[in-house]
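K.L.:
fold the following and give me the result.
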Amino acid sequence: MMSGTRKSEIMCVCGTILLGLPLRGAPPQEIAEPILETLRRTNSVERSTFTLQVSMEKNVGWLHQDQGTYAQSCTISRSEDGMAIACQTDHFPDPAYRPLGTSNYLAREYDLNGNLVIWMPRMHVSLWTKERNETYQEQKSFFVDPDGAVVMTGLMRVLNRYKPTDRMAWSLSEMRQIWWALGQELESDFQRVVDETFGADGERRLHLRGTRDGGSLVGEWNVVLDPSTVHLIRSASFRLDMLEASPGIEIKTKGLRRFADKALPEEGIVRFNLGTSGGQLEKRVVLHDFSYQPDKKVFDHVRKMLDAASDDELTVYDYRDNPSKPIVTRETP
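P.N.:
So this is what the prediction gives:
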């Protein structure tokens, strides 16, 4: 392999990745285009105009897998002017009481009467344009007594305002997880191929060096590509160097749907493992529709929801003057 700094490796990887790369089980002509170049050319959707419709199942929290999963429907649309996200919860699991100290339940999760308080998202919408960067969320609370009865429910409504030039960090993270579950938008974290092998069925296995979600955390990726599509990721896992004995991120996809020149899986799972605490966040995504065209109706719906989010039961956090210290302009009574 060519030597040099990591920056130079990343810049030159597309042109030099095959030099000295051990290949087994496939003749050289089967890899005419370097695989990282193929992945970056075919799997990058997030920066294009598009509309994506999915349904999801997600566990209630990192540390409380015993509370089951809730189901959501989401539509994401990106135009040349910005992006809109709308998610609605379709089903809540029945919340269950757990005594303090069991299964990572902490004192702050109980009220003064000893009821366990479980929070679940009811809906959220986000808009990110040159003129407006806002996220509105509704969280539903369930108060469960020691006998397992839901004695009360509540609703928290929060509006976050950011500078239009700031990143829509929370919603982008949510969207990134959806793409990951479908085996997309991973290629920016792949830096260098260490090994590449081919199975008897043509399955292509890559061992890569890379990062986690574009950050400074470095480790190893193991990726399996579908032989029928060349570029579709069927499984991927990431393990941090020296910090994780087992993968902290695991991805699996199955099925195949084609939209014009885009191949996507029918469904997929992304799982985040929280090390020694035993916490885990799992998101199961089912694809309903995809188009490279933005949908004006999604933008109109999100704007309408944001405009309507203004009454005395709303808490507003304004980050526009100071991104690290918001001004609370209205509080829930």
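K.L.:
and the helices in the stretch 1-150 of the chain?
P.N.:
6-16, 35-42 (DSSP state H, counting those that start in this stretch).
K.L.:
could you do the stretch 201-333 of the chain as well?
P.N.:
Under DSSP H, counting those that start in this stretch, the stretch 201-333 of the chain gives helices at 296-308.
K.L.:
low pLDDT regions in the stretch 151-300 of the chain?
P.N.:
Counting by pLDDT under 70, the stretch 151-300 of the chain contains low-confidence ranges at 167-172, 230, 275-279.
K.L.:
show me the protein divided up by domain.
P.N.:
Domains of the chain are assigned by automatic domain parsing as 34-46+178-291, 50-172+293-330.
K.L.:
redo those domains as CSV? Include mean neighbour count.
P.N.:
Yep, even glycine has a C-beta here, placed from its N, CA and C like the rest. As requested, the domains of the chain are exported to CSV (neighbours: other Cβ atoms under 10 Å):
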stretch, mean neighbour count
domain 34-46+178-291, 17
domain 50-172+293-330, 16
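K.L.:
re the thing from before, any idea which of the helices of the stretch 1-150 of the chain scores lowest on pLDDT?
P.N.:
Lowest mean pLDDT of the helices of the stretch 1-150 of the chain: helix 6-16, a mean of 35.
K.L.:
center of the protein, which residue is that?
P.N.:
Centroid-nearest residue in the chain, with Cα atoms, centre = their mean: Gln177, separated by 1.1 Å.
K.L.:
dump the residue contacts of that one.
P.N.:
270, 283 (Cβ atoms under 8 Å, 6 or more residues apart in numbering).
K.L.:
doesn't it fall inside a strand?
P.N.:
No: using DSSP: H, G, I helix; E, B strand; the rest coil, the assignment for Gln177 is helix, not a strand.
K.L.:
from Met56, how far off is it?
P.N.:
The gap separating Gln177 from Met56 is 9 Å, by Cβ to Cβ, to the nearest Å.
K.L.:
between these two, what contacts are shared?
P.N.:
With Cβ under 8 Å, 6+ apart as the test, Gln177 and Met56 both reach Lys283.
K.L.:
any idea where the strands of the stretch 1-150 of the chain begin and end?
P.N.:
23-24, 50-59, 69-78, 82-91, 116-129, 133-144, 150-162 (DSSP state E, counting those that start in this stretch).
K.L.:
same question, the stretch 201-333 of the chain
P.N.:
204-211, 218-225, 233-240, 249-254, 257-259, 262-264, 267-274, 279-291, 315-318, 327-330.
K.L.:
and of those strands, who's closest to Ile85?
P.N.:
Judged by Cβ to Cβ, the one of the strands of the stretch 201-333 of the chain that comes nearest to Ile85 is strand 279-291, at 14.1 Å.
K.L.:
so the closest one versus strand 249-254, what angle?
P.N.:
40 degrees (axes from the mean of the first three to the mean of the last three Cα atoms, to 10 degrees).
K.L.:
strand 279-291 pairs with which strands?
P.N.:
Pairing partners of strand 279-291, with direction, according to DSSP bridges: strand 50-59 (antiparallel), strand 267-274 (antiparallel).
K.L.:
how about residues contacting the last one?
P.N.:
The reference is to strand 267-274. Under Cβ under 8 Å, 6+ apart, the answer for strand 267-274 is 62-63, 177, 180-183, 244, 246-255, 279-287.
K.L.:
on that earlier part again, out of the strands of the stretch 1-150 of the chain, which gets nearest to Glu109?
P.N.:
So among these, strand 116-129 is nearest, using Cβ to Cβ, at 5.9 Å.
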